[in-house]
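Chemist: Here's a sequence, model it:
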Amino acid sequence: MIDDKKGLFSAFVDGIEIVAQYGISMDYGANLEDLLLLGKYNKISKNASTKNFPTKREGISDLNIQIARFGSCDPRFSISKREAIRKVNKIGFRVAEACELLTLVARHPDVKWDLSISALGSEYWPLNGGDRSFVHIKDDDSGRSLELFHFGCAWYAPFCLAVIKK
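Modeler: Modelled structure (predicted):
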């Protein structure tokens, strides 16, 4: 069930729970390299760039980015990335693009992201024929890192996606 006034879930829906939300002003003309500097990362994948994660969106938009957690109740829970995207779409959301997640972190650089968060709305296909990848952010004892994870493997609980109401 979704509370349209707040845009938050009032209960679990299809194994998804919204655990946080953040309002941001999104400039789709910003480049990822600048956003990475503002996000206070200790480690950044060398392939995280505007060139590798372009967006087709334009202009400036006010967004409400929500953090959706999957499988928090069952440690045996696993799901493919495709199935996670399908479930998010089914409940009226879309997965965030890399630029949207990086803008969120850049606008809130001092927030400790206790949960690892992924942005499945952008994909990087290496020229060498490697697996397609997506942006994944995590904070731990060594600091904040941005990694690229492969699309092909299954996820195990709990994990989080940045999502935006359609």
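Chemist: Name the SS class of the residue sitting nearest the centre point of the chain, please.
Modeler: The structure's the chain has its C-alpha centroid closest to A119; by C-alpha atoms, centre = their mean the separation is 2.8 Å. Using DSSP: H, G, I helix; E, B strand; the rest coil, the structure places A119 in strand.
Chemist: Same check on A106?
Modeler: When the structure is reduced to helix, strand and coil (three-state DSSP), A106 reads as helix.
Chemist: about what we covered before: OK, contacts around the residue nearest to the centre of the chain?
Modeler: For A119, the contact set (C-beta atoms under 8 Å, 6 or more residues apart in numbering) comprises V95, A96, E97, A98, E100, L101, L102, F134, V135, H136, L161, A162. Where C-beta positions appear, they are placed from N, C-alpha and C, glycine not excepted.
Chemist: and what of M26?
Modeler: In this structure, M26 makes contact with I60, S61, D62, L63, C99, E100, T103, judged by C-beta under 8 Å, 6+ apart.
Chemist: what's the answer for P109, then?
Modeler: So P109 contacts L38, G39, K40 (C-beta under 8 Å, 6+ apart).
Chemist: Tell me how far it lies from K87.
Modeler: Counting by C-beta to C-beta, to the nearest Å, the gap between P109 and K87 amounts to 30 Å.
Chemist: picking that back up, ok, of the contacts of A119, which one's closest to I24?
Modeler: E100 (8.0 Å; C-beta to C-beta).
Chemist: what's the distance between the residue nearest to the residue nearest to the centre of the chain when sequence neighbours are not counted and F77?
Modeler: Taking C-beta to C-beta, 6 or more residues apart in numbering, and ignoring the residues beside it in sequence, A119 has L101 as its nearest neighbour in space, at 3.9 Å. With distances defined as C-beta to C-beta, the gap from L101 to F77 amounts to 22 Å.
Chemist: Which one of the two is surrounded by more residues?
Modeler: More crowded of L101 and F77, by other C-beta atoms under 10 Å: L101, with 28 against 15.
Chemist: May I ask you to confirm that the more buried one belongs to a helix?
Modeler: Yes: assigned with three-state DSSP, L101 falls within a helix.
Chemist: pLDDT below threshold where in the protein?
Modeler: Judged against pLDDT under 70, the low-scoring parts of the chain cover residues 1-14, 72-76, 127-130, 153-158.
Chemist: Please repeat the previous calculation with a cut-off of 80.
Modeler: Low-confidence segments of the chain, defined by pLDDT under 80, are located at 1-15, 71-79, 113-115, 125-131, 150-159.
Chemist: Noted, bye for now.
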